[in-house]
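# What follows is a predicted protein model with its sequence.
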Amino acid sequence: MLWLELHTSRGIVNFVTYYRPPTATTDSLRSLHSALGAASTSLPIIVCGDFNTPDVDWLTTSPKVKSPVVDTLCEFVCDNFFSQLVSHPTRGDNILDLLLTTNPDLISSVRVTDNLPGCDHDAIHFILSTSIPHQSTIKHQHVLYNYKAADIDDFKEVLSRVSWEVIDFENGDIELPWSQWKDLFFSAVDYVFPSVRWNKRKMKHWFSESTIKVIHRKKHLYREYKHSGNPATLRKYKSISSLVCSKCRQETASHSNLVCQQSHTNPKHFWRWINTVKGYHNPIPPLHDSGNTITKDSDKESLFNRYFCSVFTKENTSNLDSLTPESSHPTIIDLISITLEEVHAELCHLSVNKACGPDNITSFLLKMLQIIFPFLFVTYSTNHYQQVLFPFTGFQEILF
């Protein structure tokens, strides 16, 4: 067995070549099954090679003759949701060389040609698509951190080794040091916490592993029937379709009951579930202005701003006394006092269910790392007054 990772513009594709001797037992197939089970299930897999198993009906993925090897091969193909794409014999009247994949859309133009030089098997030619799909088919993915897969104490240790002294607090502007602090902080976050990508099109998160497996089996039977048109496959597909509907209804009902029970403690999750069930999105439709159709969000925003400004009442200030400032100097606040105890008290009351602010620091990190956050503040004395540099952009809405 030879395993290759193909890095393409479309992503990583696992490519496996395999040879099973004619006299080999089921151990060879089980070793292949175990190796594929250790691979990532989110990446497409292509397995090709000489399996030396002629007694398989690939229209139905069922044995022609009962034997341990044939039964193991059929089980291997079904358990991994493979599609077998070779439909013509590769040696004599038998299909011995197979092309298996978990993503048939990647492969096209499969054909069997004459014998290879010095070999009694025919050659299999196919085209592997590595191009990026059209932009309209790409769905936006959100990057999330898997907090359960890391240790908070390890994160604190990493932060304690960060060279915070490189932050420039001497220029009098808080935006620059705050940006530098975020770069250091998120570098530590990326080092400790593994990131996961959440796609809106993926399977419902409340489905159990057994239900997901049945759904994949249903999709496999559908593709198999479309390819073969076998009535037996259609009967299997109809049978498993009713099972899928039943399991999905049961688990969706159980999840909805759980969400309703937790509505008082987690209302955000409750309303997100309601909007999902209702399919409620409420986007602003295209607007019409002087015969022009406005579709871009920025243009809609400008149009609304102009409209709201036009309806405001302009006050007549001619009869009002003019207010002359007593001094041209701005008012200076001599002392701004923010203690760490006050900050920690506010952080303790944060809800981890709340969304993060504009700086993308989640409430979970703020709540769990309260001891770390004295790095956020720098206090120094200049010209008989004390000034506290505070990152208002990220924490003003939290503390005030």
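Sure thing, it's come through.
# Name the helix or strand for the closest residue to Ile107 other than its chain neighbours, please.
For Ile107, ignoring the flanking residues on the chain, the nearest one in space by CB to CB, 6 or more residues apart in numbering is Phe126 at 5.2 Å. Any C-beta I mention is one placed from the backbone N, CA and C, and that applies to glycine too. Using DSSP states H and E, Phe126 falls within strand 122-128.
# residues in contact with Leu128?
Leu128 makes contacts with 6, 13, 46, 106-107, as judged by CB atoms under 8 Å, 6 or more residues apart in numbering.
# how many neighbours does Phe60 have?
Careful, residue 60 is Thr and not Phe. 17 (other CB atoms under 10 Å).
# wouldn't it be in contact with Leu234 here?
No - contact criterion CB atoms under 8 Å: Thr60 and Leu234 do not qualify, at 10.8 Å.
# Show me the shaky parts of the stretch 1-150 of the chain.
38, 40-42, 115-117, 131-143 (pLDDT under 70).
# Tell me where it has helices.
In the stretch 1-150 of the chain, the helices defined using DSSP state H, counting those that start in this stretch lie at 26-37, 68-79.
# returning to that earlier point: select from the contacts of Leu128 the one having the most neighbours.
Counting by other CB under 10 Å, top hit in the contacts of Leu128: Ile46 with 22 neighbours.
# which parts of the longest helix along the chain are buried?
Looking across the chain with DSSP state H, the single longest helix is helix 231-261. Buried positions in helix 231-261, judged by neighbour count with 16 or more other CB atoms under 10 Å: 233, 236-237, 240, 247-248, 251, 259.
# Now tabulate those residues in JSON lines and tack on pLDDT and distance to Met1.
Output for the buried residues of helix 231-261, formatted as JSON lines (pLDDT from 0 to 100; distance: CB to CB, whole Å):
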{"residue": "Thr233", "pLDDT": "88", "distance to Met1": "30"}
{"residue": "Lys236", "pLDDT": "88", "distance to Met1": "31"}
{"residue": "Tyr237", "pLDDT": "88", "distance to Met1": "32"}
{"residue": "Ile240", "pLDDT": "90", "distance to Met1": "31"}
{"residue": "Lys247", "pLDDT": "88", "distance to Met1": "35"}
{"residue": "Cys248", "pLDDT": "87", "distance to Met1": "37"}
{"residue": "Glu251", "pLDDT": "88", "distance to Met1": "37"}
{"residue": "Val259", "pLDDT": "87", "distance to Met1": "46"}
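# quick one, domains of the chain?
Here the domain parsing of the chain from automatic domain parsing is 2-128, 209-278, 284-310, 340-399.
# Select, out of those, the one closest to Asn146.
Nearest to Asn146, of all those, is domain 340-399, at 11.4 Å by CB to CB.
# Could you pull up the mean pLDDT of that closest one?
Here domain 340-399 scores 58 as its mean pLDDT.
# Now the element after the longest helix of the chain, going C-ward?
helix 267-278.
# After that next one, heading C-terminal, what element do we hit next?
Downstream of helix 267-278, the first helix or strand assigned by DSSP H and E is strand 287-289.
# which of the helices of the stretch 1-150 of the chain sits most buried?
The highest mean neighbour count among those, using mean count of other CB atoms under 10 Å, belongs to helix 68-79: a mean of 17.
# could you check the angle helix 26-37 makes with it?
10 degrees (axes from the mean of the first three to the mean of the last three CA atoms, to 10 degrees).
# What lies in contact with helix 68-79?
24-26, 29-30, 32-33, 51, 53, 55-56, 61-64, 82, 84, 100, 217, 220.
# Those residues in strands, which ones?
Among the contacts of helix 68-79, the residues falling in strands (DSSP state E) are 56, 62-63, 84, 100.
# Adding distance to Ala149 and neighbour count, write those out as TSV.
TSV is the format used below for the ones in strands among the contacts of helix 68-79 (distance: CB to CB, whole Å; neighbours: other CB atoms under 10 Å):
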residue	distance to Ala149	neighbour count
Val56	40	24
Ser62	41	15
Pro63	42	16
Gln84	36	20
Leu100	31	22
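# Grab the two from these that are most spread out in space.
Pro63 and Leu100 (16.6 Å).
# and the closest residue to Ser228 other than its chain neighbours, how many neighbours does it have?
Distances taken as CB to CB, 6+ apart put Leu59 closest to Ser228, at 4.0 Å, once the chain neighbours are dropped. Using other CB under 10 Å, Leu59 has 16 other residues around it.
# Please export the alpha-carbon coordinates of the helix or strand hosting Ser179; PDB is fine.
Here Ser179 is covered by helix 175-192, with elements defined by DSSP H and E. Extracted in PDB, the C-alpha atoms of helix 175-192 (Å, rounded to 0.1, in the frame of the first residue of the first chain):
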ATOM      1  CA  GLU A 175      -4.500  52.100  19.300                       C
ATOM      2  CA  LEU A 176      -0.900  51.100  18.400                       C
ATOM      3  CA  PRO A 177      -0.100  49.200  21.700                       C
ATOM      4  CA  TRP A 178      -3.600  47.600  21.600                       C
ATOM      5  CA  SER A 179      -3.000  46.300  18.100                       C
ATOM      6  CA  GLN A 180       0.400  45.000  19.200                       C
ATOM      7  CA  TRP A 181      -1.100  43.300  22.200                       C
ATOM      8  CA  LYS A 182      -3.800  41.600  20.100                       C
ATOM      9  CA  ASP A 183      -1.200  40.300  17.700                       C
ATOM     10  CA  LEU A 184       0.800  38.700  20.500                       C
ATOM     11  CA  PHE A 185      -2.400  37.400  22.200                       C
ATOM     12  CA  PHE A 186      -3.900  35.800  19.100                       C
ATOM     13  CA  SER A 187      -0.500  34.200  18.300                       C
ATOM     14  CA  ALA A 188      -0.700  32.500  21.600                       C
ATOM     15  CA  VAL A 189      -4.300  31.500  21.000                       C
ATOM     16  CA  ASP A 190      -3.500  30.000  17.600                       C
ATOM     17  CA  TYR A 191      -0.600  28.100  19.200                       C
ATOM     18  CA  VAL A 192      -2.600  26.500  22.000                       C
END
